[in-house]
Structure formats: C-alpha cells, structure tokens
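**Q** Show me how the following folds:
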Amino acid sequence: MASRKNAMLTTEDRRWLTGEKTYDGEHAKQQRYQRRNDIRERVYNSILDFTILFEHLEEAERKKLFGEVTANGRHWDVDDKPFIEGVSDALAFLLYNVDAAATMRTDDEAHEEATVAEELLIEAFYRAGMKADLLVDQVDLDVEAIQLPFEDILADLEAGNELSPAALRVLLESEQVDTATIQEQLRSVVFDDGSPAENSLSQEN
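**A** Residues are numbered from 1 along each chain as shown. A predicted model of the protein is given here:
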C-alpha cells in the first residue's frame, strides 16, 4: 500500500500515517509538524482539483478509470477491490469531516434545518444530475442510526456483558479486530469436522 506512486499522499506520507515510519531525534518534532502541514496542503489542493476533474475530464478517460454502471445503478463492472474501497472511503472521509453525524442524530432539533453535510450532498446530486442531463427536483435523505460509543462496547465486552448484533458489527468493523481470526472461530463453532454442527444452522420448515 505504501509503495504506490506519489499521489495526494507521497510514499513517505503513507508510511508515516500507517506507522511504518517514525521520526526520532533532535528534529523529530519539526519533522512531524512539516509532514502534517505538507499532507494538509496536498489534501486541500487535491480537493480543489476535483472541480477541474468533474468539469473537464474527458468521458472516455472517466470510463477507463471508473468503468460502467448499469442504467439502474445496481451493478458496477469494476472488479478492483482496493479501488472500490477507496471510492467508498473517499465519500466517508468527506462526509465525516463535514460532520455527517449531525444528519444521523435522531433528535428533532438537529433536523430543523439542513446540516452542512445535507446541503453539500444535495448540491452534489444536483450537479451530478446536470452532468447527466437531469434536473434534480428534490433530494430526500433518510438515514437511521443509533448511538454506540465504542468505549462502552469495549467495557461491556471486557465485563462479559451480552453484546447486541449492532455492537458486534461495530467491533467487527473496527481496526482492533482481526476478522480472519473471528471467521475461523465462527467456523469452528458452526461446523464440526467439516459438517454443520447439530442445530447450529437449523431452519424451521
């Protein structure tokens, strides 16, 4: 991952952010400061570049990069998992940093007027629609979320308390859990000598 060509992040940026590279010695503090500043500047300029890409990148080049999506938007012909995850994480990164969580909170006061995230999403749908010769008349956002503080989940796990399916999902999606290990443990619970364990996968007829 860190050895890819320089882009928004340089190879050294990636190594530092992922912990592969550290700064020690007399000038470590200044080096860390400079690295953070350089990253921040490149991210800012890269986001500005998206306006140029959106308005001027040729259709043929866009399709080479993003492939094709079916007319109903349900299937994407790209089979590059890191790229697909990158697109998802790019959207998540942007939404998180304009406080999309404010949109997901359920208290009435938070929804008396559009949040910044909602305003930006509506504008994005409007501009994407115009690009596809569509006039976006209305955008409805319906997000259901529940508050699950990660620290509380860890405390319940340590205390041996029963975790809800939602809490388990939060744990599985966190960086603190090795999903391969969990999958192997589930396999040993569900299967016995390669066969489904008795009653483990029983279904009502």
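
**Q** Per-residue pLDDT of Leu157, please?
**A** The score at Leu157 is 84. That number is its pLDDT.

**Q** what do you get for Phe54?
**A** Turning to Phe54, the model gives it a pLDDT of 96.

**Q** Quickly find the element holding it.
**A** Under the assignment given by DSSP states H and E, the secondary-structure element containing Phe54 is helix 28-56.

**Q** My guess is Leu148 contacts Leu168. True?
**A** No: at 10.4 Å, Leu148 and Leu168 do not qualify as touching, with contact defined as Cβ atoms under 8 Å. Quick note: C-beta positions are derived from backbone N, CA and C, even for glycine.

**Q** right, and the secondary structure at the residue sitting nearest the centre point of the chain would be what?
**A** To find the centre residue of the chain, average its C-alpha atoms and take the closest one (Cα atoms, centre = their mean): that gives Asp89, at 3.2 Å. Using DSSP: H, G, I helix; E, B strand; the rest coil, the three-state assignment for Asp89 comes out as helix.

**Q** Distance-wise, check it relative to Gly19.
**A** Between Asp89 and Gly19 the distance is 18 Å, computed by Cβ to Cβ, to the nearest Å.

**Q** is it true that Ser174 touches Leu148?
**A** No: at 10.9 Å, Ser174 does not count as touching Leu148 under the criterion of Cβ under 8 Å.

**Q** Where does the spatially closest residue to Arg15 that is not a sequence neighbour sit: helix, strand or coil?
**A** Nearest residue to Arg15 in three dimensions, chain neighbours excluded: Lys21, at 3.8 Å (Cβ to Cβ, 6 or more residues apart in numbering). Under the three-state scheme (three-state DSSP), Lys21 adopts coil.

**Q** Wait, Leu104 touches Gln147, no?
**A** Careful, residue 104 is Met; it's not Leu. No: in this structure Met104 lies outside contact range of Gln147 using Cβ under 8 Å: 9.2 Å.

**Q** one step back: show me what the helix holding Phe54 is packed against.
**A** With contacts taken as 3 or more Cβ pairs under 8 Å, 6 or more residues apart in numbering; DSSP states H and E, helix 28-56 sits against helix 11-17.

**Q** Pull out the buried residues from the helix it packs on.
**A** Residues of helix 11-17 classed as buried by neighbour count (16 or more other Cβ atoms under 10 Å): Thr11, Asp13, Arg14, Arg15, Trp16.
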